[in-house]
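J.: What shape does this take:
(one chain, ligands or ions: 2)
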Amino acid sequence: MSTEPSAERDLDGLGEQATDGNTRLTDISGGTEGRSMASIPEYYAGKNVLITGATGFMGKVLVEKLLRACPEVRALYLLVRPKAGQSMEQRVSDMMTCKLFDRVREVNPDFHLKIIPISSELTQPGLAISPEDVERLSACINVVFHCAATIRFDEPLKHALQLNVIATQQLLSLAKQMQHLEAFVHISTAYANCNRKHIDEVIYPPPVEPKKLIDSLEWMDDSIVRDITPRLIGDRPNTYTYTKALAECVVQQEQDKLNIAIIRPSIVGASWQEPVPGWIDNFNGPSGVFIAAGKGILRTMRANNDAVADLVPVDMVINLTLAAGWYTAVHRRKTEKQKDERPKSALVYNCTTGGINPFHWGQIEHHVMSSFKRNPLEQAFRRPNANITSNYLMNQYWILVSHKFPALIYDFVLRLSGQKPQMMRIFNRLHKAIGLLEYFSSQDWEWNSENMSMLMGQLTPEDRRTFNFDVRQLNWPEYIENYCIGTKKYVLNEDMSDIPAARQHLKKLRNIRYTFNTLLVVFIWRVFIARSQMARNIWYFVVSLCFKFLSYFRASSTITK
Ligand SMILES: CCCCCCCCCCCCCCCC(=O)SCCNC(=O)CCNC(=O)[C@H](O)C(C)(C)COP(=O)(O)OP(=O)(O)OC[C@H]1O[C@@H](n2cnc3c(N)ncnc32)[C@H](O)[C@@H]1OP(=O)(O)O
Ligand SMILES: NC(=O)C1=CN([C@@H]2O[C@H](COP(=O)(O)OP(=O)(O)OC[C@H]3O[C@@H](n4cnc5c(N)ncnc54)[C@H](OP(=O)(O)O)[C@@H]3O)[C@@H](O)[C@H]2O)C=CC1
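T.: Ligands and ions are numbered 1, 2, ... in the order given. Model (predicted):
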């Protein structure tokens, strides 16, 4: 149960209203309401759903799962912006041809008819939605899933604030105009409060009142904002976690007007089972690190072997999100009797694995390496052999020896053959990226995830299977193997039939390394031993010592026989 001391029973006994205004689920598995509720697919049948961030990693999985597992859903309205010379219609139709949608395409080839793209640029006033579309959405939307955000760790504060906080505020205003809205589900991050070691399923007081910050940054130019950013974000590592914390506060401010759920996933990784094991489409978080290690580029990284790696598969996060949407709407919808009641306060779901089924960075390293040795990536730079260490000096040493030195040699060879040097540039980008991730891999956090467990207790056995987010069932070695294969298949678009050739390539690299090491020894021998009398004397001394030891052990083993 919650660690917060002052909680009083909620009206229907299903939740606890704490004095901080946050609500936590109590044990309701025996409650009658859960049993009388419609199942998840029944609930979404005939509903109009609005999704932001649908072109992103999690948004795509959400759209796919909703279409596949809730085939009676009426329509999905996706807020999408035109990008890179493509219209929003073109982007959405490209998205639907992606492999991710193969399964739903098999079952319902006309699934695209349920998708209605709405042009929207979230950083613009009114989200740049046309008045006709606003009217349309206000009249028909029943559930909102807000996934859009900038997840870049190095985003300038003004932009991160604009997208993660102000856009959320504007979406909430739009939601308040929706006459038939039953649930508003906001996707946050488990790291929004990473300045704390123990994180409950509550919304913590924000580092600053969002409105005050928005007003003050409005008149400042970018260079001033850049200068004061470190002071503002304080003990948070980046503008991403800082603005996501502010966004939670903005959402909380509307909790008396809307039925709200907040989902806080930790590090979202490739899919566990659905629609296919290992589906992933980006380099964010650990995926880029795994690929760099699999390519043999990354050899060292600062991480704590014993710290919990709080990875959570994307399909589990989406299953929880859909279940939370259902629960928020069904449990919190005002009944005839409760017509005048205000919605209850927002429920927060920490969607994490570490407290229930922990796995550590050291184990991840081991399984990633062995998986890429079994299923190598094409054209690896070196044989995969990355080591993580929490020792700063050790890491710096290996960066010099295993990153910079080989990059220099490689670029030298490229220059000699008339090509443009590139390896040092790649390493510089890699160092920047892993530098931003190290904060998360060098320490661990404790999340209370009771609302997640309690929500599971509310599902029918059938829903529990279809919308499975039981992280106890995760078999980590198998998951990591599929994750690595997924990066190969879906991010790098490599063919699995090329694995024998990739293995041959690794053998070639191993032979090159043996040859290189032998040549190095011969070189050292020639330069230092063969040319200097003192080095020769030391060498003979060491060799004779070895012989003496050897004959001593031989003699002692003969005596014992
Ligand atoms: C074995 C060892 C085990 C230990 C393993 C430890 C792992 C320890 C993980 C901790 C993880 C914590 C996660 C916190 C949990 C959250 O809350 S989730 C939010 C997670 N957010 C992120 O991960 C975002 C982090 N990324 C960034 O902030 C920025 O991308 C970086 C790292 C600053 C790099 O910025 P940049 O230099 O501007 O580069 P960017 O344009 O992003 O991409 C670089 C290149 O990557 C490629 N690329 C990037 N994205 C894509 C894409 N979607 N498709 C194709 N190519 C792409 C492209 O080649 C691109 O280059 P070009 O397009 O220019 O040719
Ligand atoms: N990935 C992770 O590990 C984690 C993610 N989260 C949260 O989950 C949510 C989804 O993350 P994820 O899917 O990984 O992120 P992605 O970066 O993959 O997707 C972000 C989405 O937001 C949209 N978007 C960004 N800027 C705008 C804009 N100005 N106007 C309209 N749409 C915009 C993007 O659209 P476009 O395609 O046009 O750029 C894209 O659809 C986020 O809220 C994130 O904070 C939480 C914890 C971990």
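J.: what about the residue in the stretch 251-400 of the chain positioned nearest to ligand 2, which SS state?
T.: Closest residue of the stretch 251-400 of the chain to ligand 2, C-beta to the nearest ligand atom: residue 268 (3.5 Å). Quick note: C-beta positions are derived from backbone N, CA and C, even for glycine. State at residue 268, reduced to three classes by DSSP: H, G, I helix; E, B strand; the rest coil: strand.
J.: quick one, what contacts it?
T.: Listed by C-beta atoms under 8 Å, 6 or more residues apart in numbering, the contact set of residue 268 reads 57-58, 285, 311-314, 317.
J.: same deal with residue 199?
T.: 190, 193, 350, 445-448.
J.: From those, which land in strands?
T.: 350, 446-447 (DSSP state E).
J.: near ligand 2, which residues of the stretch 251-400 of the chain?
T.: Proximity of the stretch 251-400 of the chain to ligand 2 is confined to 265, 267-268, 284-285 under the rule C-beta under 6 Å from any ligand atom.
J.: picking that back up, let me have the ones in strands among the contacts of residue 199 in CSV, extended by pLDDT and neighbour count.
T.: What follows is the ones in strands among the contacts of residue 199, written out as CSV (pLDDT from 0 to 100; neighbours: other C-beta atoms under 10 Å):
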residue, pLDDT, neighbour count
350, 98, 25
446, 96, 15
447, 97, 25
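J.: mind putting these in CSV, distance to residue 555 included?
T.: Converted to CSV, those look like this (distance: C-beta to C-beta, whole Å):
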residue, distance to residue 555
350, 66
446, 58
447, 62
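J.: for the residues you listed, which one is nearest residue 98?
T.: Of all these, residue 98 sits closest to residue 350, with 29.8 Å by C-beta to C-beta.
J.: Identify each buried residue in the helix or strand residue 520 falls within, please.
T.: Assessed by DSSP states H and E, residue 520 sits inside helix 499-524. Of all the residues in helix 499-524, those buried under the rule 16 or more other C-beta atoms under 10 Å are 499, 502, 505-506, 509.
J.: Now for residue 281, how many residues are close by?
T.: 19 (other C-beta atoms under 10 Å).
J.: That one: what's it in contact with?
T.: 57, 60, 98, 100, 490-491 are the contacts of residue 281 under C-beta under 8 Å, 6+ apart.
J.: tell me which element the residue nearest to residue 482 when sequence neighbours are not counted falls in.
T.: Using C-beta to C-beta, 6 or more residues apart in numbering and skipping residues adjacent in sequence, the residue nearest residue 482 is residue 278, 3.7 Å away. Using DSSP H and E, residue 278 falls within no helix or strand.
J.: where exactly do the helices run in the stretch 301-450 of the chain?
T.: 314-332, 361-374, 392-398, 405-416, 423-441, 450-458 (DSSP state H, counting those that start in this stretch).
J.: Can you add mean neighbour count and give those helices back as TSV?
T.: Converted to TSV, those look like this (neighbours: other C-beta atoms under 10 Å):
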stretch	mean neighbour count
helix 314-332	25
helix 361-374	19
helix 392-398	13
helix 405-416	14
helix 423-441	17
helix 450-458	22
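J.: what does the stretch 51-200 of the chain put close to ligand 1?
T.: So the stretch 51-200 of the chain meets ligand 1 at 151-154, 189, 191 (C-beta under 6 Å from any ligand atom).
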